[in-house]
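Participant: Predicted model and sequence below, questions to follow.
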Amino acid sequence: MPDYCLYKKGENIIVLDRSDATRATSLNVQGYHKQFEEVTAANEKSALVRFRDLRQEGQDTEHAFATGAAFVALIVGLMVAVDFLFLK
């Protein structure tokens, strides 16, 4: 299976075979930015789907950490309030 690089400009994403240096240079000149992720897939469409899955996983992870920290802070705050009110 070939490796693909992804280039993004605004909302546009272009999937490019990793070995296509000429087109990669052209995309950079046009203002596209190479994305960190490189994807191994059967074809360009599968590579794009995998890229979007990777991005969604990253967003889900960030959300989980953010909400987890808020939940822990809430529980600790409640424990302090209970301790202050009832365990004097």
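Facilitator: Perfect, I can see it now.
Participant: Shouldn't Thr67 be within a helix?
Facilitator: Yes - Thr67: assigned to a helix according to DSSP: H, G, I helix; E, B strand; the rest coil.
Participant: and it, how many neighbours?
Facilitator: Residue crowding around Thr67 was assessed by other Cβ atoms under 10 Å; the count is 10. For the C-beta atoms, the positions are set from N, CA and C on the backbone; glycine is no exception.
Participant: Could you measure from it over to Ala73?
Facilitator: The gap separating Thr67 from Ala73 is 11 Å, by Cβ to Cβ, to the nearest Å.
Participant: Low-confidence ranges, the chain, go.
Facilitator: Along the chain, the parts satisfying pLDDT under 70 run over 58-66, 68, 88.
Participant: show me where it has strands.
Facilitator: All strands of the chain, identified by DSSP state E, fall at 3-9, 12-17, 33-40.
Participant: For the residue sitting nearest the centre point of the chain, give me its contacts.
Facilitator: For the chain, the residue nearest the mean C-alpha position is Arg55 (3.1 Å; Cα atoms, centre = their mean). For Arg55, the contact set (Cβ atoms under 8 Å, 6 or more residues apart in numbering) comprises Glu37.
Participant: how much space is there between it and Pro2?
Facilitator: Applying Cβ to Cβ to Arg55 and Pro2 gives a distance of 20 Å.
Participant: and what of Ile75?
Facilitator: Taking Cβ to Cβ, one finds Ile75 at 49 Å from Pro2.
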